[in-house]
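**Student:** just need the structure, nothing else, for what follows:
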Amino acid sequence: MAHTVYFWLKDGLTDADRKSFEAGMKSLAGAPTVRRVFTGTPAATPSRGVVDNSFDYNLVLWFDDVAGHDAYQVSDTHLKFVADHKAKFDVVKVFDNEVLE
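**Tutor:** Below is the predicted model:
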């Protein structure tokens with residue numbers, strides 16, 4: 001399954017704050033049930049009505065199954081990320097999906 005998270009960060013963050021946030025996202029690879037991690041920022045694709053690139057960062061985590069996702073949610077790695085970075089979030093949106101093969 002894929003756990004896709006979009007972050008809109010608070011205004012006024014420093015470059016150091018953003019670098020810390022990026023490192024925090026990458027640290028989530030250390031959670032036991034995480035299989036793959038992708039992080040990014042909006043792509044400079046042409047504007048179209050179906051594209052929302054208003055977010056600051058996105059995170060995609062892959063798990064073997066929903067049970068792996070659920071274990072991740074209460075893992076020390078995830079809880080530390082939230083504790084260390086929640087003050088930087090303005091808006092967070094999550095899209096979870098089963099990956100079709």
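
**Student:** buried residues in the longest helix along the chain?
**Tutor:** Counting residues, the longest helix found in the chain (DSSP state H) is helix 15-27. For helix 15-27, a neighbour-count test (16 or more other C-beta atoms under 10 Å) marks Phe21, Gly24, Met25 as buried. (C-beta placed from N, C-alpha, C; glycine too.)

**Student:** my guess is the second one meets His85, correct?
**Tutor:** I take that to be Gly24. Yes: assessed by C-beta atoms under 8 Å, Gly24 is found in contact with His85 at 5.0 Å.

**Student:** kindly export the next helix or strand after the longest helix of the chain (C-alpha atoms) in PDB.
**Tutor:** Sequence-wise, the next helix or strand downstream of helix 15-27 (DSSP states H and E) is strand 36-40. Presented in PDB, the C-alpha positions along strand 36-40 are these (Å, rounded to 0.1, in the frame of the first residue of the first chain):
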ATOM      1  CA  ARG A  36      10.300   2.500   0.100                       C
ATOM      2  CA  VAL A  37      10.400   6.300   0.700                       C
ATOM      3  CA  PHE A  38      10.000   9.000  -1.900                       C
ATOM      4  CA  THR A  39      10.100  12.700  -1.000                       C
ATOM      5  CA  GLY A  40       9.700  15.700  -3.200                       C
END
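
**Student:** and the angle for strand 36-40 with helix 15-27?
**Tutor:** On the basis of axes from the mean of the first three to the mean of the last three C-alpha atoms, to 10 degrees, strand 36-40 is oriented at 160 degrees to helix 15-27.

**Student:** distance from the chain centre to strand 36-40, please.
**Tutor:** The chain centre lies 8 Å from the centre of strand 36-40; the measure is C-alpha atoms, centre = their mean, to the nearest Å.

**Student:** in that strand, what's buried?
**Tutor:** Under 16+ other C-beta under 10 Å, the buried positions of strand 36-40 are Val37, Thr39.

**Student:** and that strand, what does it pack onto?
**Tutor:** Counting contacts by 3 or more C-beta pairs under 8 Å, 6 or more residues apart in numbering; DSSP states H and E, strand 36-40 packs against helix 15-27, strand 57-62.

**Student:** could you dump these into TSV with mean pLDDT and distance to Glu98 added?
**Tutor:** Formatted as TSV, the helices and strands packed on strand 36-40 follow (pLDDT from 0 to 100; distance: least, C-beta to C-beta, whole Å):
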stretch	mean pLDDT	distance to Glu98
helix 15-27	98	23
strand 57-62	98	11
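
**Student:** done for today, thanks.
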